[in-house]
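Asker: Sequence and computational prediction follow.
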Amino acid sequence: ALVEAGAETELEERLAQRLEFGTAGLRGLMGAGFSRMNSLTVVQTTQGLWKYLEAECPGAEQRGVAIGHDARHGSARFAELAAAALAAKGVRVHLFNKLVPTPMLAYAVTHFGCAAGIM
């Protein structure tokens, strides 16, 4: 639809660069494209996190990753996608089955000795 509409600027905004990971994590507008929050960017970011953990964190596969979600739009689905991406690599996943505040995720990382946490 954007191509047919001649929305070249919008296409460039969505596809020319990737969503950046900042101090507040991975945040951005929801929508299609590499610079938006969507299923693809969540899976790719999770895979990138795993690649880093695998290289830099001894025993990360067994230590696992804790994953939570909050009330933000898409958060539960994104948590499931992140869990699936890690499980596909054989990583132990601690996935909360209900809404949790971020401090609860931080506690889970410490309590279970996880290599990382994802919210």
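Answerer: Perfect, thanks for sending it.

Asker: So in this protein, which helix runs the longest?
Answerer: The longest helix of the chain (DSSP state H) is helix 39-56.

Asker: Show me what it is packed against.
Answerer: Applying 3 or more CB pairs under 8 Å, 6 or more residues apart in numbering; DSSP states H and E, we find helix 39-56 packed against strand 25-26, helix 60-63, strand 65-67, helix 75-87, strand 116-118. The way it works is simple: take the backbone N, C-alpha and C, and place the C-beta from them, glycine included.

Asker: will you turn the ones you listed into TSV that also has mean pLDDT?
Answerer: Converted to TSV, those look like this (pLDDT from 0 to 100):
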stretch	mean pLDDT
strand 25-26	86
helix 60-63	97
strand 65-67	98
helix 75-87	98
strand 116-118	97
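
Asker: so where's the protein uncertain?
Answerer: Counting by pLDDT under 70, the chain shows no low-confidence range.

Asker: about what we covered before: I'd like to check what contacts the longest helix of the chain. Which residues are they?
Answerer: Helix 39-56 is touched from outside by 18-19, 21, 26, 34, 60-61, 65, 77-78, 81-82, 85-86, 89, 91, 115-116, 118, with contacts defined as CB atoms under 8 Å, 6 or more residues apart in numbering.

Asker: The most centrally placed residue in the chain and Pro103: what is the separation?
Answerer: Most central in the chain under CA atoms, centre = their mean is Val42, positioned 4.2 Å from the mean C-alpha point. Going from Val42 to Pro103 by CB to CB, to the nearest Å gives 22 Å.

Asker: How about Ser39?
Answerer: Using CB to CB, we find Ser39 at a distance of 27 Å from Pro103.

Asker: Between the two, tell me which one has more neighbours.
Answerer: Ser39 (12 against 8; other CB atoms under 10 Å).

Asker: buried stuff in stretch 72-87?
Answerer: Neighbour-count burial for stretch 72-87 flags 76, 78-79, 81-83, 85-86 (criterion: 16 or more other CB atoms under 10 Å).
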